[in-house]
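Visitor: coordinates for the following, if possible.
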Amino acid sequence: MKLLCYVTLGSMLLFSPRCSNAFQEDRPNVILIITDDQGYGDLGIHGNPHLQTPHLDQFARESIRLNQFYVSPVCAPTRSSLMTGRFSLRTGMRDTYNGGAIMATAEVTIAEMLKEVGYSTGIFGKWHLGDNYPFRPADQGFDESLIHLSGGMGQPGDFTTYFKGDSSYFDPVLWYNGQQKAYEGYCSDIYTSEAISFLENNRDNPFFLYLSFNAPHTPLQVPEEYYNMYKDIDPASGFEADERPFPEMSEKDKEDARKVYAMVSNIDDNVGKLLEKLEELDIADNTLVVFMTDNGPQQPRYLAGMRGRKGSVFRGGVRVPFFLRLPDRLPGNKDVSTTLAHIDVLPTLAEICAAPLPENRKIDGKSFHALLRGEAADEFENRSLFFYWTRRYPELYNNVALHKGDFKLVGHTDHDAPVEAFDLFNVKEDPYEQHNMVHENIPLARSLKAEMDEMMAELTQSPQLNQAQRMIIGSEHENPVFLNRNDAGGERGIWTQEEVFGMWKVKTLEGRYNIRFKFIKPLETQGRMVLETNSVILQEQYEDLPTDEINMEDVYLPEMEVDLIPHYVTEGRSIFPLWVELEKITGP
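Guide: Residues are numbered from 1 along each chain as shown. Modelled structure (predicted):
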């Protein structure tokens, strides 16, 4: 990997082929806190009269607040862009599951970038960029990792918590440095406690801590003491005098909001503990702390008037809080109104931390360090941001948007639709995206659509996107390997179905393996367990029923890049396992 090193001198950005010792000694610690499905309106400081978030509100008042900060409409694309400074499609990310939430191992993350200049690195919480070698946090620059699998605890991909159902957030089995480990307590409390231990262990050297809460993502589970704070409120009340749009809320929506608010208050307390620990360790002044969220809310509730929510390219789906505090270098308690995005975080940290930027790839983001210092940064004024969200791959022109300057073109139409079928908004004058002005300015709409077409064509032809990201089976780096449902491809929308076509894209290393297949429900009729690996097809009659596990022992697999297709065939049915474990027992 070729690297460039930039350092700051006053207001100037200078290139240096090698970072000096002086800068190495003066680098700030970095803490990046991100929550899951917490919308812009899910904070007291953003006008929510019901939410109690005293620690986050105080932190926001002390921070530089990026008031026009944007992410992707859903979580995995946001996280890949955040980690790499690149639009998610460039990184190989095209979905949140279905085998499309695996970031190419060739990508360079913030953790790898900072590790190059001596940082200790740790992740605690949600990763969602690939659960097997060579895509795990440990393979992407993190020295220490405590994560759940897939996109969320309690989901079928996170099989150590899936069968716990309504208690999946409590006393979970998590993955510490790639190994299963049992914990006691509530997940957000566990992640914070372990993150604080990481701080204590690395206080004397620069560190990068990525605290990535999976809350308040579904399933909505929270300790009773926090739920009791909100059990009697009406989340739709208190907005009668507010002229901004407000969504209709069913009784279920209101109950969901109560649980979300409880989960956010728990996060607030945990962030408070983390910030207090920085003070106790006397490292708060030299620690850059960021708080942000990954997309808009999943359920309808207060969203400061914005249109849309998670999954939508309207602002309610992609505009999120972003607070940054670095006391000894950047004056706090101020607002920045420039349009910025997740892709800008990596280059900004590179500049602040005097860390190398990777060569041989396009970094889509730009450093906003000058804006934090109160200086002008004209390069953002006419910069275009591209948003999309549909399953598997982007669709022409379904749920896509291009935001440039004050204007935003939105497509919810057919692939061959005329420009008049798009929506055009002046988001400065119409921040709630209520007035479609496309017929008032057809030339501008055509210009933005032409740019959207160029960006879409470029991004969908990205090499990482169109090259299979294969998990490696039989490596010394991960043995055994568990292949989970989140990373399974095949039919669209594989989740908890039994009769569904699924497979995993893998590279097997030559050797003999023990293979275990786990099913969602017990198999009750005689049949054949079949494992297809292109030219090598293994099958075994099975009669020891009922069972939810089948084992194939001492199986020879050659070195090959294949689609691994397991299924149990019985009485005309083909049943796909929940997960597959492959343990290499001997080499070639």
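Visitor: ranges for the strands of the stretch 51-200 of the chain?
Guide: Secondary structure of the stretch 51-200 of the chain (DSSP state E, counting those that start in this stretch): strands located at 64-66, 69-70, 120-126, 144-148, 173-176, 179-182.
Visitor: chain center to the one helix or strand A450 maps to: distance?
Guide: Element membership for A450 (DSSP states H and E) is helix 442-460. Relative to the centre of its chain, helix 442-460 is centred 26 Å away, using C-alpha atoms, centre = their mean, to the nearest Å.
Visitor: just stretch 503-514 next, same as before
Guide: 28 Å.
Visitor: buried residues, that stretch. List them.
Guide: Along stretch 503-514, these residues count as buried under the neighbour rule (16 or more other C-beta atoms under 10 Å): 503-509, 511-513. Yep, even glycine has a C-beta here, placed from its N, CA and C like the rest.
Visitor: ok, now stretch 518-529?
Guide: Neighbour-count burial for stretch 518-529 [16+ other C-beta under 10 Å]: 519-520, 523, 527, 529.
Visitor: and the lengthiest helix in the chain, what's its mean pLDDT?
Guide: Identified as the longest helix of the chain according to DSSP state H is helix 251-280. The average of the pLDDT scores along helix 251-280 is 98.
Visitor: list the buried residues of it.
Guide: So, applying 16+ other C-beta under 10 Å, buried residues of helix 251-280: 253-272, 274-275, 277-278.
Visitor: tell me what the helix or strand following it is packed against?
Guide: Next along the chain after helix 251-280, taking DSSP H and E as the criterion, comes strand 287-293. Using 3 or more C-beta pairs under 8 Å, 6 or more residues apart in numbering; DSSP states H and E, the elements in contact with strand 287-293 are strand 29-35, helix 54-62, helix 251-280, strand 322-325, helix 345-352.
Visitor: how about TSV for those, with distance to I123 added?
Guide: Output for the helices and strands packed on strand 287-293, formatted as TSV (distance: least, C-beta to C-beta, whole Å):
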stretch	distance to I123
strand 29-35	10
helix 54-62	21
helix 251-280	14
strand 322-325	19
helix 345-352	15
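Visitor: quick one, which of these gets closest to N295.
Guide: strand 29-35 (10.2 Å; C-beta to C-beta).
Visitor: neighbouring contacts of that closest one?
Guide: The contact list for strand 29-35 (C-beta atoms under 8 Å, 6 or more residues apart in numbering) reads 79, 82, 110, 114, 119, 206-213, 215-216, 264, 267, 271, 274, 283, 286-294, 345, 349, 353.
Visitor: got the angle between it and strand 287-293?
Guide: Angle of strand 29-35 versus strand 287-293, following axes from the mean of the first three to the mean of the last three C-alpha atoms, to 10 degrees, is 10 degrees.
Visitor: ok, now which ones touch the closest residue to E62 other than its chain neighbours?
Guide: Spatially, and ignoring its direct neighbours in sequence, E62 is nearest to G332 (4.8 Å; C-beta to C-beta, 6 or more residues apart in numbering). Residues in contact with G332 (C-beta under 8 Å, 6+ apart) are 62-64, 325.
Visitor: cool, and E571?
Guide: E571 sits next to 525, 527 when contact means C-beta under 8 Å, 6+ apart.
Visitor: ok, now with 10 Å
Guide: Residues in contact with E571 (C-beta atoms under 10 Å, 6 or more residues apart in numbering) are 525-527.
Visitor: same thing with E420?
Guide: Contacts of E420 by C-beta under 10 Å, 6+ apart are 413, 438-439, 442, 445-446.
Visitor: P54: which of these is nearest?
Guide: Comparing the contacts of E420 against P54 with C-beta to C-beta places V438 closest, at 43.6 Å.
Visitor: ok, that closest one to D453 distance?
Guide: Computed as C-beta to C-beta, to the nearest Å, the V438 to D453 distance reads 16 Å.
Visitor: more crowded one of the two?
Guide: Between V438 and D453, V438 has the larger neighbour count (other C-beta atoms under 10 Å), namely 20 against 13.
Visitor: let me know the closest of the buried residues of stretch 503-514 to F425.
Guide: For these, the nearest to F425 is K505 (39.5 Å; C-beta to C-beta).
Visitor: buried ones among the contacts of E420?
Guide: 413, 438, 445-446.
Visitor: got those residues as a markdown table, with pLDDT columns?
Guide: Converted to a markdown table, the buried ones among the contacts of E420 look like this (pLDDT from 0 to 100):
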| residue | pLDDT |
| --- | --- |
| T413 | 97 |
| V438 | 98 |
| A445 | 98 |
| R446 | 98 |
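Visitor: now for the nearest residue to V117 once chain neighbours are set aside, how many residues are close by?
Guide: Excluding its sequence neighbours, the residue lying closest to V117 (C-beta to C-beta, 6+ apart) is A355, at 4.9 Å. Using other C-beta under 10 Å, A355 is surrounded by 30 other residues.
Visitor: and what of Q541?
Guide: By the criterion of other C-beta under 10 Å, Q541 has 8 neighbours.
Visitor: from what I can see it touches G527, true?
Guide: Yes. Using C-beta atoms under 10 Å, Q541 is in contact with G527, at 7.9 Å.
Visitor: my guess is F198 meets G125, correct?
Guide: No. Judged on C-beta under 10 Å, F198 makes no contact with G125 at a distance of 12.0 Å.
Visitor: what is in contact with the two at once?
Guide: With contacts defined as C-beta under 10 Å, 6+ apart, the residues shared by F198 and G125 are 146, 211.
Visitor: name the helix or strand of the protein that has the lowest mean pLDDT.
Guide: The least trusted helix or strand in the chain, going by mean pLDDT, DSSP states H and E, turns out to be strand 12-16, with a mean of 40.
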